[in-house]
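Engineer: Below is the structure, and that's it, no one-letter string:
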């Protein structure tokens, strides 16, 4: 790893920021304390909510951690398409006895207010999803000593991040659970994502800054593979989702290894942006008709998802999960970090021993 990235964690293991309450201070602290790099997810939170979680996290650990921000999205959604989808979801609203949300209530996710807080009271690392910040923003973070990471899904996006002044890129393969962090949400590219190992290799030949690899990683041997391909660290989300410290709902945790949920798929059904989750009834019924409208669809369906969770109905929830979800291990986060590090060492030793025989 690069020395700057190495300084942030003992092991090349990063806990992915999972918005919606999963990446809570308890999970982040446990990962960082064990030698990984934990990340808070600031997405969908108010600026004050983010600040309060940072304050709580600092009370739990003195180790480095990161905060993830959602980039503001251009106003590209077709209001008429959102209205049509709203009518289609009327039956869901009646079934769960809850009103649909206001699709225009999200705004820019309080981006500027969050930037102001993080620049005034710096944290060790900040990552960005759904786009690349301006050079002025990245330079400002460099000025306060914050390590910056931009999530990318193509070599071209990685190049833009390097030009803008990012310290590193988080290279996201199509196997990743949750939202695909494409910088431009183009429906014509749906299903055109690149597998992680191939993407890491391509990005490694495109940029000179460090790479954090993410997408479907669940074992130390997989971490060894992406490091061998040119990454400096690996980021895991689904692997940490089932930890007891995770803020994910019990239904979500149980679904990851439930034989009723056998596969994942990318869908716009819940948020209007491609995101990988366990295939359930809601995804099958509404995915084909969901418009490219983020975050409008996210706020439209937010109440439905909460009502489904309250009713104990996993078929109506957004069960974000990577392709390796069946390999999830219900372990305390700190123990999982140490086990992954042991598996990584074993994989490296096996390769080294084999190469000398």
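Structural biologist: Thanks, I have it. Just so it is clear, the structure is predicted and the values come from calculations on it, not from any experiment.
Engineer: okay, CA-based contacts and neighbour counts for the rest of this
Structural biologist: Will do.
Engineer: Domain map for this structure?
Structural biologist: Taking automatic domain parsing as the reference, the chain has its domains at 3-73+108-242+328-356, 78-106+262-318.
Engineer: Give me the mean pLDDT for the last one.
Structural biologist: Translated: domain 78-106+262-318. The average of the pLDDT scores along domain 78-106+262-318 is 95.
Engineer: one step back: could I get the domains of the chain in a markdown table, plus columns for mean neighbour count?
Structural biologist: Converted to a markdown table, the domains of the chain look like this (neighbours: other CA atoms under 10 Å):
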| stretch | mean neighbour count |
| --- | --- |
| domain 3-73+108-242+328-356 | 20 |
| domain 78-106+262-318 | 19 |
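Engineer: Let's have the ones you listed in CSV, adding distance to residue 251.
Structural biologist: Compiled in CSV, the domains of the chain are given as follows (distance: least, CA to CA, whole Å):
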stretch, distance to residue 251
domain 3-73+108-242+328-356, 10
domain 78-106+262-318, 6
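Engineer: closest to residue 254 out of those domains?
Structural biologist: Of all those, it is domain 3-73+108-242+328-356 that lies closest to residue 254, at 7.9 Å by CA to CA.
Engineer: mind checking how far the closest one is from the chain centre?
Structural biologist: 8 Å (CA atoms, centre = their mean, to the nearest Å).
Engineer: swap in stretch 269-287?
Structural biologist: 16 Å.
Engineer: how long is it from one end to the other?
Structural biologist: 4 Å (CA to CA, to the nearest Å).
Engineer: who's in contact with that stretch?
Structural biologist: Residues from elsewhere that reach stretch 269-287 (CA atoms under 8 Å, 6 or more residues apart in numbering): 175-180, 185, 190, 256, 261-268, 288-299, 301, 314-322.
Engineer: And for stretch 108-126?
Structural biologist: 8, 43-47, 50-51, 64-73, 140-141, 144-149.
Engineer: Need the single longest helix in the chain, by residues.
Structural biologist: Taking DSSP state H as the criterion, the chain has its longest helix at helix 333-356.
Engineer: what comes into contact with that helix?
Structural biologist: Against helix 333-356 from outside (CA under 8 Å, 6+ apart): 11, 13, 27, 30-31, 33-36, 219-224, 240, 243-245.
Engineer: Can you name the helix or strand that residue 160 falls in?
Structural biologist: helix 155-164 (DSSP states H and E).
Engineer: End to end on stretch 148-166, go ahead and measure it.
Structural biologist: Stretch 148-166: ends 6 Å apart by CA to CA.
Engineer: Could you do stretch 106-126 as well?
Structural biologist: 21 Å.
Engineer: low pLDDT regions in this protein?
Structural biologist: For the chain, applying pLDDT under 70 flags the ranges 1-3, 355-357.
Engineer: try 80
Structural biologist: Within the chain, the ranges that satisfy pLDDT under 80 run 1-3, 6, 106-107, 188-192, 354-357.
Engineer: one step back: go through the contacts of stretch 269-287 and flag which are in strands.
Structural biologist: Using DSSP state E to define strands, the subset of these located there is 178-179, 264-267.
Engineer: now, which of these sits nearest residue 84?
Structural biologist: residue 267 (17.4 Å).
Engineer: Is that closest one bridged to anything, and to what?
Structural biologist: Beta-bridge pairing for residue 267 (DSSP bridges): residue 275.
Engineer: That one: what's it in contact with?
Structural biologist: With the criterion set at CA under 8 Å, 6+ apart, residue 267 makes contact with 273-277, 283, 287.
Engineer: and what of residue 18?
Structural biologist: By CA under 8 Å, 6+ apart, the contact set of residue 18 is 40-41, 178, 237.
Engineer: Of the residues you listed, which belong to strands?
Structural biologist: 40-41, 178.
Engineer: mind putting the contacts of residue 267 in JSON lines, distance to residue 338 included?
Structural biologist: Output for the contacts of residue 267, formatted as JSON lines (distance: CA to CA, whole Å):
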{"residue": "273", "distance to residue 338": "34"}
{"residue": "274", "distance to residue 338": "32"}
{"residue": "275", "distance to residue 338": "29"}
{"residue": "276", "distance to residue 338": "27"}
{"residue": "277", "distance to residue 338": "27"}
{"residue": "283", "distance to residue 338": "35"}
{"residue": "287", "distance to residue 338": "38"}
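Engineer: and the end-to-end length of stretch 308-326?
Structural biologist: End to end - CA to CA - stretch 308-326 spans 23 Å.
Engineer: my bad, should have said stretch 128-143
Structural biologist: Its start and end residues considered, stretch 128-143 measures 17 Å (CA to CA).
Engineer: related to what we said a few turns ago, from the contacts of residue 18, which is closest to residue 90?
Structural biologist: residue 178 (24.9 Å).
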